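Novice: pasting the sequence and the predicted model now:
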Amino acid sequence: MRLLIVEDERRLAVSLAKGLMAEGFAVDVVHDGREGLHRAQEGTYDLVVLDIMLPGMNGYRVCGALRAAGCEVPILMLTAKDGEYDEAEGLDTGADDYLTKPFSYVVLLARVRALLRRRGQGASPVVRVGDLVVDRGARRVERDGCEAALTAKEFSVLEQLVVRPGEIVSKAEILEHVWDFAYEGDPNIVEVYVSALRRKLGAGVIETVRGAGYRLVGRA
């Protein structure tokens, strides 16, 4: 899952990004409302964490512009303001949820996960592909009834394949959703994580399609 944080308090933004990346999310951070709007419109994000009091363009206007353009990405608004009017205004512009500063990181993480689940509601968080069982809500993986201990990043790579079982997922698509926008390292890092998944899950789960990407096949 790839998230965008639009927050002008740099220490808070960096702290949130580090925490969310430790949970396996790819996170991009910008500190200006106009840049946040541009990035949200141009990028492929699963959720936007959006502060209200921003330079350039405030969060209300950013959120309203995104909704007016037909962008349906879930938006969690943050603000130092308090009061029913501010919350109502944020929700009226199209935000999906609202969190007042100061807040607990644990609460923010729970809100983020709830919004992501809501976006995919109707689909079970538990995906079965052959003898592989992936619980996206609990972030647990089992094969042949045995749990496989995955790191946050390994789970995120596997998740990109799990949501499209049998389809080819390119290396670029995995990089885009699992690593952040600023990643400039070796794209072969994806191969490293796929190799780690194969060691932990065993043979016959992830197939390499030469020149195209990877495909989750599992076995019955």
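Specialist: Received, thanks. Since this is a predicted model, take the numbers as computed values, not measurements.
Novice: just confirm Leu99 is within a helix.
Specialist: No. Using DSSP: H, G, I helix; E, B strand; the rest coil, the assignment for Leu99 is strand, not a helix.
Novice: residue contacts, it?
Specialist: Applying CB atoms under 8 Å, 6 or more residues apart in numbering to Leu99 gives the contacts Leu76, Met77, Leu78, Thr79, Val107, Leu108, Arg111. The C-beta positions use only the backbone N, C-alpha and C, and glycine is treated the same way.
Novice: what about it, distance to Asp144?
Specialist: Per CB to CB, to the nearest Å, Leu99 is found 41 Å from Asp144.
Novice: could you look up the SS state of Val194?
Specialist: For Val194, the assignment made with three-state DSSP gives helix.
Novice: check the burial of it by counting its neighbours.
Specialist: Using other CB atoms under 10 Å, Val194 has 20 other residues around it.
Novice: thought it was touching Val157?
Specialist: Yes. Taking contacts as CB atoms under 8 Å, Val194 lies within contact range of Val157: 6.7 Å.
Novice: can you pull up the bridge partners for Ile75?
Specialist: With DSSP bridges as the criterion, Ile75 is bridged to Val48.
Novice: before we move on, what about Thr208?
Specialist: Thr208 has these beta-bridge partners by DSSP bridges: Tyr214.
Novice: that one: neighbouring residues, count only.
Specialist: 13.
Novice: wait, it touches Leu216, no?
Specialist: No. Counting by CB under 8 Å, Thr208 stays clear of Leu216, with 11.5 Å between them.
Novice: which neighbours do these two share?
Specialist: Counting by CB under 8 Å, 6+ apart, Thr208 and Leu216 have no contacts in common.
Novice: in the chain, what residue spans correspond to strands?
Specialist: Ranges of strands in the chain, per DSSP state E, are 2-6, 26-30, 47-51, 75-79, 97-100, 126-129, 132-135, 140-143, 146-148, 168-169, 206-209, 213-216.
Novice: looking at the ones you listed, which has the lowest confidence?
Specialist: With a mean of 82, strand 126-129 has the lowest mean pLDDT of those.
Novice: now do the buried residues in that strand.
Specialist: Val127, Val129 (16 or more other CB atoms under 10 Å).
Novice: cool, and stretch 200-211?
Specialist: Buried residues in stretch 200-211 (16+ other CB under 10 Å): Lys200, Leu201, Val205, Ile206.
Novice: by mean pLDDT, flag the weakest helix or strand of the protein.
Specialist: In the chain, no helix or strand scores lower on mean pLDDT, DSSP states H and E than helix 84-92, which sits at a mean of 57.
Novice: isn't Val141 right next to Val134, touching?
Specialist: Yes. Val141 lies in contact with Val134 (CB under 8 Å); the separation is 5.3 Å.
Novice: what residues are shared contacts of those two?
Specialist: Listed contacts common to Val141 and Val134 are Leu158; contacts here mean CB under 8 Å, 6+ apart.
Novice: max-length helix in the protein?
Specialist: The helix that spans the most residues within the chain, counting by DSSP state H, is helix 105-119.
Novice: with just CA atoms, put that helix into PDB.
Specialist: The C-alpha coordinates for helix 105-119 follow below in PDB (Å, rounded to 0.1, in the frame of the first residue of the first chain):
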ATOM      1  CA  TYR A 105       0.200   7.100  16.600                       C
ATOM      2  CA  VAL A 106      -1.600   3.900  17.400                       C
ATOM      3  CA  VAL A 107      -4.900   5.600  16.800                       C
ATOM      4  CA  LEU A 108      -3.700   7.100  13.500                       C
ATOM      5  CA  LEU A 109      -2.500   3.600  12.400                       C
ATOM      6  CA  ALA A 110      -5.900   2.100  13.300                       C
ATOM      7  CA  ARG A 111      -7.700   4.900  11.300                       C
ATOM      8  CA  VAL A 112      -5.500   4.300   8.300                       C
ATOM      9  CA  ARG A 113      -6.100   0.600   8.300                       C
ATOM     10  CA  ALA A 114      -9.800   1.100   8.800                       C
ATOM     11  CA  LEU A 115     -10.000   3.400   5.800                       C
ATOM     12  CA  LEU A 116      -8.000   1.000   3.700                       C
ATOM     13  CA  ARG A 117     -10.400  -1.900   4.700                       C
ATOM     14  CA  ARG A 118     -13.400   0.300   4.000                       C
ATOM     15  CA  ARG A 119     -12.100   1.100   0.500                       C
END
